[in-house]
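K.L.:
Just the structure for this:
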Amino acid sequence: MINTLNTYSLRASYVALSFLAAPKAFAGTPDIFGDVPDIGGVDATDTDTVRTAILDILGTVLNFLALIAVIVIVIAGIRLILSQGEETEKDKAKKTIFYAIIGLVVVLLAQAIVGLIESVGKNVPN
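P.N.:
Sure, this is the predicted structure:
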């Protein structure tokens, strides 16, 4: 079983690496696929615009997830108060609070990582 898993893992890695190497192989021949049509949208040659758009989307998603985690903590706190001493309900509410706090910590760490990458990315020339 482990041998088959290792074999498939090795094959998947080989396929992934071959896809990564393919653009480099065709980089020297710009006319191999013909002209690229202009379809509008974001100019992919302007990396600052793309980088800013991605960072804005990530920031919005992470802020939304942090808000959801706080709402879940508040709802679980209300459930804890309304459990009226029932052990099963108290345990469910405590577990919900515990997992929501773990999720909030993960979201905050993700925001820190995105902020670190953003600050490093600002120093890299285009």
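
K.L.:
Could I get the full set of strands for this protein?
P.N.:
Using DSSP state E, the chain contains no strands.

K.L.:
in it, which helix or strand is least confident?
P.N.:
helix 2-25 (a mean of 63; mean pLDDT, DSSP states H and E).

K.L.:
what mean pLDDT does stretch 79-89 have?
P.N.:
For stretch 79-89, mean pLDDT is 89.

K.L.:
buried ones in it?
P.N.:
Buried residues in stretch 79-89, defined by neighbour count with 16 or more other C-beta atoms under 10 Å: 79-80, 83. Heads up, the C-betas are built off the backbone N, CA and C, glycines and all.

K.L.:
and what of stretch 53-63?
P.N.:
58, 62.

K.L.:
what sits against the nearest residue to residue 92 once chain neighbours are set aside?
P.N.:
Once flanking residues are discounted, residue 92 sits nearest to residue 79: 7.3 Å by C-beta to C-beta, 6 or more residues apart in numbering. Residues near residue 79 by C-beta atoms under 8 Å, 6 or more residues apart in numbering: 89, 92-93, 96.

K.L.:
Just the buried subset of the residues you listed, written out for PyMOL, thanks.
P.N.:
Buried members of those, defined by 16+ other C-beta under 10 Å, are picked up in PyMOL with:
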select buried, resi 93+96
